[in-house]
Every structure is written in structure tokens, then in C-alpha cells.
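Novice: quick check, what structure comes out for this input:
(chains A and B)
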Amino acid sequence: MRNITLSQAVNEAFAEEMRRDETVFIIGEDVAEAGTPFKILSGLVEEFGTERVIDTPIAEPGFMGLAVGAAMTGSRPVVDLMFGDFIFLIMDQLCNQAAKTHYMSGGKMNAPLVVRTNMGATRRSAAQHSQSLHALVAHIPGLKVAMPSSAYEAKGLLKSAIRDNNPVVIFEDKLMYNDKAEVPEEEYLIPFGEANVKRSGRDITLIGTSSMVQVCEAAAEILAKEGIEAEVIDPRTIVPLDEETLIASAKKTSRVIVVDEGHQSFGVTSEIASRINEKAFYHLDAPAMRMGAMDVPVPFSPALEDITVPTPEGVAEQARKLMSGEMIHAA
Amino acid sequence: MAKTKTNTEDYLRMYKQMVRIRSFEDNANQLYLSAKMPGLTHMYSGEEAVAVGICEALTDDDRITSTHRGHGHCVAKGANFREMFCELLGKEEGYCRGKGGSMHIADQSHGNLGANAIVGGSMGIATGSALRAKLQGADDVTVCFFGDGATAQGLLYEVMNMAALWNLPVIYACENNGYSEYTKTEEIAAGSITARAEAFGIEAHQVDGQDVMAVNELTQKLVARARKGEGPFFMELMTYRYHGHHVGDINREYYRSKEEELDWKENRDPIIKFRGWLVEQGIASEGEIEVMNAEIKKDAEEAVEYALAAKYPAESEVDMHVFAD
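Specialist: Residues are numbered from 1 along each chain as shown, chains lettered A, B, ... in the order given. Just a heads-up that it's a prediction; the model follows:
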């Protein structure tokens, strides 16, 4: 099988879906000739024209609002939100409008749109271009949230998102755009709500999202050398969440760490850990633990930024504590 | 008054639609005052010529977006009393199965994309609907209703900019009723409202919102031009709301006088004005008008009775429609 970058995978997903369905269009800042600052969309405007790869003024609430209206009346827009941090600018249109369209209309209308944006720190972009804000979106009923962990997931999840009849927000880790993975030539979709068990193990479950899947896999390698067999699971979508797979693994291993790049407090790690603690309680040898980003704005200085996010060494250390029973007493 | 509609039937339908709105609101107000309606609501009474003058120039394929003061738009776009009252009372047979209520009432079968409880919240939706029409080569037009208060929202300027850049078939209909909730419009809006649109190169008109014929004539012209790709357009409709910001806003002399309210009701009422014109032109007699009024009153009362007796949604509906299949 061939290897392509996450960026190429996203580009392919668009090309395939836009050929398949002429109601699909892309709208956002510098998406056409510029192909986004990350050059992810390069070439699409040549094939699909400026009517389907639409450059907008710098007006996030405005073009997000346009996407909601277009989606409600028969188009399938994909909003390109240049940085995940800008999600605060579109919150009314996303959460008050798109998320509630289907429910408030008693099921008579819907807003099938996708917001493609990014997340992830350690790119030295400081506090307003480095946040991982997916938990905010996941909190609002009516929105689905996908978090691809590689080029393979990025393509399959984006294609599913475009075909979904609900608003979907996809968070890609901006540090992974050049990372390569095996991606089939032939068409495939990744269904929402199906976790992927990346590595099987009997001693401890490491649940990671987005780039934290790789962090968990690297931690599992470290632990394997010490005789600890970690299971690594990628939920792939946090809404819907494949609770069944996560709970089953927790019951099997009896120890869980949830790793996510959003802020730890009130975040995705808290939610998943709580569900495991509630639903696998009698099978656990220790409370399910959270490892998120530190509860600080992302600092600029590399010396500071790097210590705000979970690392393989940090996850391995936490796993050792859980294995030794230290956390039981700490808790 | 300006004459545009050329046959009696059209005039009479416009009259009836205005009376239907007034009648709907009178009943909705009573439902609130008698504590039979959950929550609160915002009355459209006094502004009927705006919704009717505009919506009578539209087809069912044309879309509108509405506001928290949206019953008038909903009726004018073709909605039925029964489903509307059921929605206001949170009943299963309501347009939104009771999940939207007064502030979110929508009727997509007639192109009403819904009321919106965020002031200015539907400006993007209306403009997006127009973008869809342009991309898909459809000739429908979308009218975005909003109040003078919503002109203070930044979203308006973002979407007018894009609508003008791309010649989208959208008409921004600013219902200037003189008050932004509990504050005089002059205290919240600097400069001219139409000049805001003109700054984007959008053709803007100010029209007497109490004159249904004038509103209709202007809208017909703008809709025809928008269908040909000459949009967007902007209308400022000078009107007045008879009630407070919402039905519970009873003691409002601190922001506007009773004399002012009385003046609008007695001298500038859109229904009285149009009724006088119909009689004067020999289109309907006083007697015929009284018969129409009585029929509408009866229809509204029957719909209220129906809605009061209708059943609530089953509890099992509470988590239905969060996601579409």
C-alpha cells in the first residue's frame, strides 16, 4: 500500500466527495488559489472552480453563517476554519444555529455541514493559534466531533463527515499535516462511533485522541520493554463515542489512562474517565486517570510550551504509578 | 397609496393576511395573560403591512428568515393557525412538534426557515440560503427579516459584504419599529441605517412600513431584480410595535409614552389604512370587510381551542431529533 501525508489524504477526500456530490463546496479564508496556509487544498480550485472552492473575506462568523443557511436549504458546505482557535468566533452560528436546527424544528430541517479545523500545541504559535478546543464543541448536543489520528483516519472520517446529515467538526492536529501513513488507493469510509484498537495489551488501557494516539503508542513501546503490556485505543470520534469498546477494554485491563490535548479540566479526558469509572468500577484496580494539557494558556517559549502537553515519557510514568498501586493510595 | 396589485383577489388576500396576523397576536397575548401559554412571546401587532407586503411578493420557493418577533412572518408566508398555536403551547402537532415554541417557529413547507431568538442570528442563514440558490442555479430569493436593534450586530456587516461581493439574491428587510428592546433606536444606532448598506454598494430603500401597497410594490420590484442576479438589496421599513418588547413588558412609560402609542394606533394603523382604501376604491364594502374580520376571528378562536385541547409530545420525544439520521 502507498504512504501519503495527512494533508494529501484530506485533499483526496475532498476531490472524491466533490466529484461524487455536486452540492459539496468549500468555503473559508484563502482556500482557493492559496490552498490554505498549510497548502492542504492545493489543486482543488483548478478542478472545481471558484464557485465550489470559495475564498471569503476574513469574517469567520459571516461565512460560518452562510454555511448554515446553505446547508439548511440543500447544499453540503465544508467550512475551512484556518485555526481551531477561531472557533470562538463562530460559536453562535455553530452552537446556537447549526447544532439546534434539527431539534428546534422538530426534525423537519437539518444542517449537514462540516467545519474542518485544527488543534495542537508545540508549533511555537502561542496562546491564540495553539489551542485544542474540541471539548467545547463536544459539549453541545447536535454536533459531532471527529479527531483523526493519522492520514488514514483523516481521509475516511472527512468523507463520512461530508456525507453525514448533521453538523460535524473535524479537528486535525496541525503538526501532523506532513506525517505519512498507509492509505488505500481504493475508496473507503470510516464510520463514526467506532473506536480503533491500535495495540492489544492486558495490563493497562491507554485511550488517546488525535496526536495523543501516537503518544500513547510510544508510551506503550516504553512500557513493553519493562514488561507492561498496554492496550492503545483511538476513539476516532468523541461524539459519537464508542463507549462499548472503551468500557470493554477497561474491564479487561482494570487500569486506564485517558490522554487528550485539550485542557485537562472539564475536558474530554474527564468525560471519558468518568464514564469508565461509572461503568467499569467493579473491574478497576485503580481510578481511570486523566492526562490533558495543562490548564494554562499555551505559552510561546519552547522551554515552557513543551511541558504543557502530555508526552510518551509522562504517560509511561503515570502508567507505572498505576501498575504499582501508587495511585490507589493517592486517590 | 401606491397601486401595484392589479386584481381584487390580491388586495383582499393582503387585507385578510394582515387581519389574520392581528387576530393571531390578540389570541396569543390572551393566552399569555391568562397563563395558558408557557414562556413568553413577542407581538407583531402594528407591523402587519411589513410582513404581508413582503411575503405577498414571494412564492413558496422563496425563503425567509424570521426573528423573535416572528408570528407575523410565519402567517404571512402561509402558515396555518392550528399548527402555530399548537407550537406556541408546546403541543405535538405544532410546526416544530413543540420543540421550538414562539421564538423558533419555522414552516419549511412555505419557505420559512425559522424564527431566531438570537437578535441578528439569522442574517448568515438568509445569506447562505441565497448563496445556495446562486451556486445551484435556482431563481429563488431569500428575505432576511430583522429589527433595527439587530443592525448593531457585527454579523450583518460581514454577510452584507459577501452578499454584495457575490451578487447574492438576498433582500435585507430591516423592520425599524423605533425600539431596540427597551431603548429608543436613536440611542443605539449612529448615523443612517440605509447608509450602512449603501457603504457596501447595496441599493437601499426606506419605505413606509404601515402602507402595505407601498411595501408590496417595492418588494415586487426588488424580488424580480434579485431573481435576475441584481441583488442584494436592503429595505428599511418604518413601522411600530403596539406592544412592549415582549408580552410581559406592560409598564413601559419609562421608554415611550402612551400618547405616542395612541398616535400610531389611531392615525397610522396599517389595517385601518388599507381597509379605508379598499372601501374608497369600491373593492370591498364595510359589510364585506366585517364578514371577513368575523371569519378570521372565528378561525383563530377555533384554532386556539384546538391547540389547548391538543396533546403534548410524549416524553419519549425528548431525545429525538438531536441528530438527523
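
Novice: ok, the longest strand along chain A: who's next to it in the sheet?
Specialist: Ranked by number of residues, the top strand in chain A under DSSP state E is strand A:256-263. Partner strands and pairing direction for strand A:256-263 (DSSP bridges) are strand A:204-208 (parallel), strand A:289-293 (parallel).

Novice: excluding covalently adjacent residues, which one is nearest to the residue in chain B positioned nearest to chain A?
Specialist: Nearest residue of chain B to chain A, counting by C-beta to the nearest C-beta: B:Gly124, 1.3 Å away. Where C-beta positions appear, they are placed from N, C-alpha and C, glycine not excepted. The shortest distance from B:Gly124 to any non-neighbouring residue, by C-beta to C-beta, 6 or more residues apart in numbering or on different chains, is to A:Gly65 (1.3 Å).

Novice: residue contacts, that neighbour?
Specialist: A:Gln93, A:Gln97, B:Met123, B:Gly124, B:Ile125, B:Thr127, B:Gly128, B:Leu155, B:Glu158, B:Val159 (C-beta atoms under 8 Å, 6 or more residues apart in numbering or on different chains).

Novice: hmm, 7 Å instead?
Specialist: A:Gln93, B:Met123, B:Gly124, B:Ile125, B:Thr127, B:Gly128, B:Leu155, B:Val159 (C-beta atoms under 7 Å, 6 or more residues apart in numbering or on different chains).

Novice: count the neighbours of B:His246 for me.
Specialist: For B:His246, the neighbour count with other C-beta atoms under 10 Å in any protein chain shown is 18.

Novice: I'd assumed B:Gly39 was in contact with it.
Specialist: No: counting by C-beta atoms under 7 Å, B:His246 sits too far from B:Gly39 to count as a contact (9.6 Å).

Novice: hmm, back to that, ok, and the most crowded of the contacts of A:Gly65?
Specialist: Neighbour-wise, the contacts of A:Gly65 (other C-beta under 10 Å) top out at B:Gly128, 38 neighbours.

Novice: wait, a strand at that one?
Specialist: No: counting by DSSP: H, G, I helix; E, B strand; the rest coil, B:Gly128 is not found in a strand; it is helix.

Novice: find the nearest non-adjacent residue to it, please.
Specialist: Using C-beta to C-beta, 6+ apart, the nearest residue to B:Gly128 is A:Gly69, at 2.4 Å.

Novice: sticking with that neighbour, tell me its helix or strand.
Specialist: A:Gly69 belongs to helix A:60-72 when assigned by DSSP states H and E.

Novice: what mean pLDDT does the helix or strand just after that helix have?
Specialist: Sequence-wise, the next helix or strand downstream of helix A:60-72 (DSSP H and E) is strand A:76-80. Throughout strand A:76-80, pLDDT has a mean value of 98.

Novice: residue ranges of the helices in the stretch 51-200 of chain B, please?
Specialist: B:71-76, B:81-88, B:123-136, B:154-165, B:185-188, B:193-198 (DSSP state H, counting those that start in this stretch).

Novice: in a markdown table, list those helices along with mean pLDDT.
Specialist: Below are the helices of the stretch 51-200 of chain B laid out as a markdown table (pLDDT from 0 to 100):
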| stretch | mean pLDDT |
| --- | --- |
| helix B:71-76 | 98 |
| helix B:81-88 | 98 |
| helix B:123-136 | 98 |
| helix B:154-165 | 98 |
| helix B:185-188 | 94 |
| helix B:193-198 | 98 |
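
Novice: now chain A against chain B: closest residue?
Specialist: The nearest approach of chain A to chain B comes at A:Gly65, 1.3 Å away (C-beta to the nearest C-beta).

Novice: got a pLDDT number for A:Met1?
Specialist: So A:Met1 comes in at 86 (pLDDT).

Novice: number of residues surrounding it?
Specialist: The number of residues packed near A:Met1 is 9, by other C-beta under 10 Å.
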